[in-house]
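A.B. asks: curious how this folds, go ahead:
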Amino acid sequence: MASPRSSKTGGLGFRGGGQPGNMGRAPNGSSTNIPVEVHHGRGTPSGRFMNLSRDESELGGVTDSEMGSDYLYTVQIPATPDHQLMSANPSSRSVDSAIAGKAEQQFVSSTIFTGGFKSVTRGHVMEKMMESEGNHPQLAGARGPICAVEGCDGKAMRDERGDDMMPCDCQFRICRDCYIDALNGKGVCPGCKDEYRVPDEPLKHTDSRRDDLRALPPPNSDDVTSGRMDRRLSLTKQKPGLLTGNNTTDFDHARWLYQTKGTYGYGNALWPKEDAYGSNDGGGGDGNPTGNVGAVPEFNDKSRRPLSRKVNISAGILSPYRLLVAIRMVVLGMFLAWRIRNPNVDAVWLWGMSVVCEIWFAFSWILDQLPKLCPINRMTDLTVLKDKFETPRPENPTGRSDLPGVDVFVSTADPEKEPPLTTGNTILSILASEYPLEKLAIYLSDDGGALLSFEALAEAASFARIWVPFCRKHKIEPRNPETYFLLRGDPTKGKTRSDFVKDRRRVKREYDEFKVRVNGLPEAIRRRSDAYNAHEEIRAKRSQIESGGDPSDPLMVPKATWMADGTHWPGTWTQSGKEHGRGDHAGIIQVMLAPPTHEPLMGSADEENVIDTTDVDIRLPMLVYVSREKRPGYDHNKKAGAMNALVRTSAVMSNGPFILNLDCDHYIFNSLAIREAMCFFMDKGGDRLAYVQFPQRFEGVDPNDRYANHNTVFFDVNMRALDGLQGPVYVGTGCVFRRIALYGFDPPRVREHGGCFDFFCCCCAGSKKKNQIMHTKRVNEVTGMTEHTSDEDDDLEASMLPKRYGQSVVFASSIAVAEFQGRPLADKGVLNSRPVGALTVPREPLDASTVAEAINVISCFYEDKTEWGGRVGWIYGSVTEDVVTGFRMHNRGWRSIYCVTKRDAFRGTAPINLTDRLHQVLRWATGSVEIFFSRNNAFFASPRMKFLQRVAYLNVGIYPFTSIFLLVYCFLPALSLFTGQFIVQTLNLSFLIYLLTITVTLCVLAILEVRWSGITLEEWWRNEQFWVIGGTSAHVAAVIQGLLKVMAGVEISFTLTSKSAGEDEDDIYADLYVVKWTSLMIPPITIGLTNIIAIAVGVSRTIYSEIPEWSKLIGGVFFSLWVLFHLYPFAKGLMGKGGKTPTIIYVWAGLLSVIISLLWLYISPNANRAAQVGGGGIFQFP
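C.D. replies: Numbering: from 1, shown residues only. Next up, the predicted model:
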C-alpha cells in the first residue's frame, strides 16, 4: 500500500557528532544528569522550524528521570512539494537506505512519543514495554542482541524479520544510534576500524514485482500537470499497461507476449511449464532466479462477475405486507374520524385526551412503517473478490493483493468500566482477521490515558505472536480467544492436522497465563509505583538534608505512576497530578507492532515457539496505541473527538482508504467480515458508498431476552428496510467507512430526488423507475487533487485546506492518496476507477518524523478554527454522534449498505441489568431529542436525500416525544376505572369492529415481518414490551433533558455503560438480577400500582352497584391489563433474585399506593353516583 507521504523524509538530527556510543550517556550505559546539547523545535505547516515556549536554559537543569526520556531530539517534518529538506549535515556520509529505513522503523517501534500544543515532541526509547518480554520481530521492546560498542547497552539493529543487520562485512553488531554516530564521525566501523562501504546509490531491490506498479493515469500528456499529479499522489509512475484503453479490459496479446515472455505455438497458446509463471515463495526477487513469471492464470469471465447482488423479498410476502399497511392506514383514518365525530359527553376530558393520544400514535406508526415498504437482502461472493484482487492475471502477474488498506479503530475510555481483558480480546480478533496483513493497521484510542490500558495492549501484542499463527494454521473460528475456549462441543470437528490437539492445549495454557498477567496488572502497577515513589522520597529527603534544609519540612514529591522501564508514565496517573490527570495529559503514541514486511515471513519449529509454525505466516498487522492530548478548559467532544483524532493519526501513519470502527467490547466473530465489506466498496458503483454497516449481535444476554437487548426488530427489520432506500443509519460500531466520505466530500455522482414521487414509485410492486443519474463533475476539493486545475485553483485550494483540515501538510497530502486507493478496479462500465495493480506497492517504513507529525495532529487545539466536528469527521454536538454522522453523509448524496452475513460479522456485549439498560436507552433518546432541535433535523434535509429516507430520519428525532402521549395513555384505563367512565360513550359495534380490525392487521403485519426478516414472534413481543417500559421511563426523561438543554442551556452528561461482568462468576446472568435504584423507575412503578388499584376499585364498584355497567368495566380492565402485561418484565426485574429487592422499592410502592388512594377519595366519584341512584347499596371505602 502506498505511503501517505509525498516524498522521502529528511535526515533526523538525533545527536550530533562525537565519539560513538558516548553521546549523552554515562560510561555504564545508564542515563546521566549532565545536560546534553539538544535542539527543541516544532515544524510549521511549511516545514520550517519555530521556537517553543520552553528554551534550552529552562531544560538545561532538568534530569532525564524528570523528562521521562533518555535524550531529546529534533524532529523534522517530512518534505512537502513546497519545502524540500536538505541533508542535516552536508559533510556527513550517505547512509544505506535499506539499513537506515529498517533501523528507523526499529527505533520507532521501541519508542513512546509524547507531545502536544506548545510543548516539545519527545521520544523515549523503552527498554521494556511490560514485565514479561516477547521475542516477535515486530513487537515493541522485543528481545534482541545488544550493541557491541563498548559502553552502549542499546539493541543491535534488526530487520523486520528479526534478523541482525550488520552494515560492515566484519559482522559487528551495532545499534542505530552508534551507527549514525560512526557515520557522522570518521565513518569507520567500531569493530574492524575499516571504513563503511556504503553504495553510492540506494540498495537496488531485486523484487520483480516493483516493475508492475500501476498509478493513477495523468489526465493528459502535459509534463507539468503530470509532475504535479505525481507529487500530490505520492505514487510511482505508471508503466504501459496491458489494457488497450482506459477503463476497458480488452487484452493486448502482443504486449503480454513481450512483457511476460510468453510463447505462442502453432495455432494454440503455448504456456510456460508447470510452476513457471512465478516462484513457489509467492513473490519475485531472490526466489525467482530463472525469470519465471508465475502460475498459469485463468483468462475467463470471473473478473466480470459482480462482487455482490441484491436478493429481493418474495412477492408473496411483500405484496400482502404492503397491502395490509395501506388497509391499516385507511382503517386508522376512518377510526379517528369516527372517534372525533362521536365524543363522550359524560367525560369529555377523558375522550379528548384519548383522541389526542390516538392521533399521535397513528402519526408515529406511519413514520415507523413507511420506510419498511422496500426491504431487501444482499449477498456477496468472496470467491470473485479473491479472483479479482489476489489471483495472478496479466495486469498483476504475481498475484499480490490489490485490495485497499483498512485502518481499524477501537475506542476505550475507562479501564474500570471497560475491562482491559475485553479490549485485549477484541484486538486479538482483529489481528487474526483474514485480510492482507500489510494492508491492515489497528489503532487503539485510550481516551483515559491509563497505563493499565497501555500495558494490557502490550500484553495482547505479545500474546498475538502465539494466537494469530495458531488461528491461521488451524483456521480457528471465532478468533476471540475467550469466546473460542468457552465454546461448547467438540473442538476437533473439522480439524485435519494431527497436531491440533497438542497446539490447542499449549495455546490454552498460554492464554490462561495471559489472562492472569492482565488481571494482575492493576496490582503490579500499584506495587511498582509505590516502590519507585518510596525511592524518590528517600532521594528527596537525602537531598534536603545535604542542602541544609529543615528535615521536618514536608516534601513535595508527586505520587507518580511508573512504567515497566522505570520512567514516569506520561498519561494519567493513579493519583492525578499536574499534567497527569484524566483531563490534563500530553498526547501519546506508541507503535506496539511495527508494520509487517511485504513478503510472507514463515515460522519455524524451534523449541522457543509454542507451536510449530513452519508453514505459517507469522507476520502481524501494525498495532498502535494512541491517547490524544487533553487540557483543562477545552471541550474534547467525548467519543466523537477521540475518533476524529484517530482519523488524523491514521491518515499520517497508514492512510488506509477505509476505516472499520469498533467498540472495545465488539470483536470480529467472522474473520472474513472485512472482505465482505470490500465486496460492496469494490463492486460496480461502490465509489458512491459512504459506509457498510453490519448488524450488532450480542453475547451474554439471558435466554429470554427480558429487556430486548438483542434489539432484533431494529437490526433485522428496520435496517433491512432502510437498505432498500438510501441505506441504513450508522449505529456507532461495526461499520466500515470510506475515508473520503468522513472528510466531507460529495459522492462522485449525485442524484436529486423528487420528494413524494419516490414514495409512489417505491410502493408500486413490480414497477421500477429508470435510474437517470446525473453524471456531473464533482464540485468539491477532489477536483483540485485528482484532475488538472489552473494555478488559481491551486492557490484557492491551498488557502482552504487549513480552514477545513488544520495546518498539517502531511495530512492534506494524504487526502488525494486515500481517494485514489478507495476506487474500484478498472473494468467496463466502472466509473471513477483505478488501474489493476496500483496497490501492490510495499508500504514505506515508519520514521520518527511521521510519528511526530501524528503527535501534532492529536493535540487538543489542532481542531480550532477548522471544520472538524462540523462538516469533517464525526459530528459534534450530540450524544448520539453516530446517527448525526450518518445523516450528514446521506444528506450529501452518499449511499450506505447493510451487510448481513451468514455467520455474524461482529459480536459484543449488552447491559442485561435493568438500570444499565434504561440508562443506555436514555442516552439514545436524549441524542434523538438533540437531533430534533438541531439543524440535523430531517425537515432541513437536502434534495439529495430520498423521501422515505427523510421520513426514517424524521422518526429518529420524533420517537422520544411519543413517550408523553404513551405516559398519559397508560393512565387512562385507571382513570376510567376510578371514575366509572370510558373513552367512548358506549361499547357499540362500530367501536369493536374498528378495534378488532386495527388489532388483527397489526398482528398479521407482525407475522409478515417475521417471515421476511427472520426474527421470531417472541422477539417481536419483547420489543413491544420494552417499547412501553422505555417509553414510560427513559424516553420521558430524555424529552425533559432535551428541553432543558434547548431552553436553559443545561448540559447533558452521561457515564459509560459498564462492560464488566457480574460479581458472581458461576452465574453469567448474575447481573440480570441485580436491582440498582434509579429515578427512571418511578413512572413505571406509578403506572403499575395505579392500574392494579384501579382494577380493584372498578371491580368492587361494579359488584356492589345496583346498576352495574359491565361494558365500561370490561373496557377499563382490558386496557389496564394491556398496560400491565407490557410492564411485566419491568416488574420481574424489580423483584430481583432471592429476596434482594431494595427497600426503596417497597417504600415507593407504599407511598404511591397511599397517594393514589387519597386522590381517589378526594375525587370521590361514588358520592355523585349515590346521589343519582338514591344512595344505598353502593360500596364505600371507609
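A.B. asks: okay, CA-based contacts and neighbour counts for the rest of this
C.D. replies: Fine.
A.B. asks: state the distance from the nearest residue to residue 684 once chain neighbours are set aside to residue 823.
C.D. replies: Spatial nearest neighbour of residue 684, chain neighbours left out: residue 830 (5.6 Å); criterion: CA to CA, 6 or more residues apart in numbering. Computed as CA to CA, to the nearest Å, the residue 830 to residue 823 distance reads 10 Å.
A.B. asks: that older thread, isn't there a strand covering the residue nearest to residue 684?
C.D. replies: No. Counting by DSSP: H, G, I helix; E, B strand; the rest coil, one finds residue 830 to be coil, located in no strand.
A.B. asks: quick check: phi and psi on it?
C.D. replies: With angles defined as degrees, to the nearest 10, residue 830 shows backbone torsions of phi -90, psi 120.
A.B. asks: still on that earlier bit, looking at residue 830 and residue 823, which is more packed in?
C.D. replies: residue 823 (24 against 19; other CA atoms under 10 Å).
A.B. asks: where does the more buried one land in three-state SS?
C.D. replies: Each residue gets one of three states, and residue 823 gets coil by three-state DSSP.
A.B. asks: before we move on, the earlier item: my read is that the residue nearest to residue 684 contacts residue 687, right?
C.D. replies: No. Applying CA atoms under 8 Å as the test, residue 830 and residue 687 come out as separate, 9.3 Å apart.
A.B. asks: who touches both of these two?
C.D. replies: residue 824 (CA atoms under 8 Å, 6 or more residues apart in numbering).
A.B. asks: residue nearest the centroid of this protein?
C.D. replies: Central residue of the chain (CA atoms, centre = their mean): residue 661, 1.6 Å from the mean position.
A.B. asks: what comes up buried for the helix or strand where residue 639 lies?
C.D. replies: Applying DSSP states H and E as the criterion places residue 639 in helix 638-653. Buried residues in helix 638-653, counting neighbours by 16 or more other CA atoms under 10 Å, are found at 639-653.
A.B. asks: before we move on, what about stretch 1032-1046?
C.D. replies: Residues 1032, 1033, 1034, 1035, 1036, 1037, 1038, 1039, 1041, 1042, 1043, 1045 are the ones in stretch 1032-1046 that count as buried (16+ other CA under 10 Å).
A.B. asks: report the rounded mean pLDDT for that stretch.
C.D. replies: Confidence for stretch 1032-1046, expressed as mean pLDDT, is 90.
A.B. asks: returning to what we had before: now find how far off-centre the helix holding residue 639 is within its chain.
C.D. replies: Computed by CA atoms, centre = their mean, to the nearest Å, the chain-centroid distance of helix 638-653 equals 11 Å.
A.B. asks: packing partners of that helix?
C.D. replies: Here helix 638-653 is seen to pack against strand 406-412, strand 440-446, helix 809-821, helix 848-857 when contacts are counted using 3 or more CA pairs under 8 Å, 6 or more residues apart in numbering; DSSP states H and E.
A.B. asks: repeat the analysis, applying 10 Å as the threshold.
C.D. replies: Contacts of helix 638-653 with other secondary structure elements, assessed using 3 or more CA pairs under 10 Å, 6 or more residues apart in numbering; DSSP states H and E, are made with strand 406-412, strand 440-446, strand 622-627, strand 658-663, helix 739-742, helix 809-821, helix 848-857, helix 881-891.
A.B. asks: give me the contacts around stretch 338-354.
C.D. replies: Stretch 338-354 is contacted from outside by 332-336, 355-356, 358, 965, 968-969, 972-973, 975-976, 979-986, 990-991, 994, using CA atoms under 10 Å, 6 or more residues apart in numbering.
A.B. asks: of these, buried ones?
C.D. replies: Of the members of the contacts of stretch 338-354, the ones counted as buried by neighbours, 16+ other CA under 10 Å, are 332, 335-336, 355, 358, 965, 969, 972-973, 975-976, 979-985, 994.
A.B. asks: burial measure for the residue nearest to residue 621 when sequence neighbours are not counted, as a count.
C.D. replies: The spatially closest residue to residue 621, leaving aside those adjacent along the chain, is residue 437, at 5.0 Å (CA to CA, 6+ apart). Other residues within reach of residue 437 by the criterion other CA under 10 Å amount to 23.
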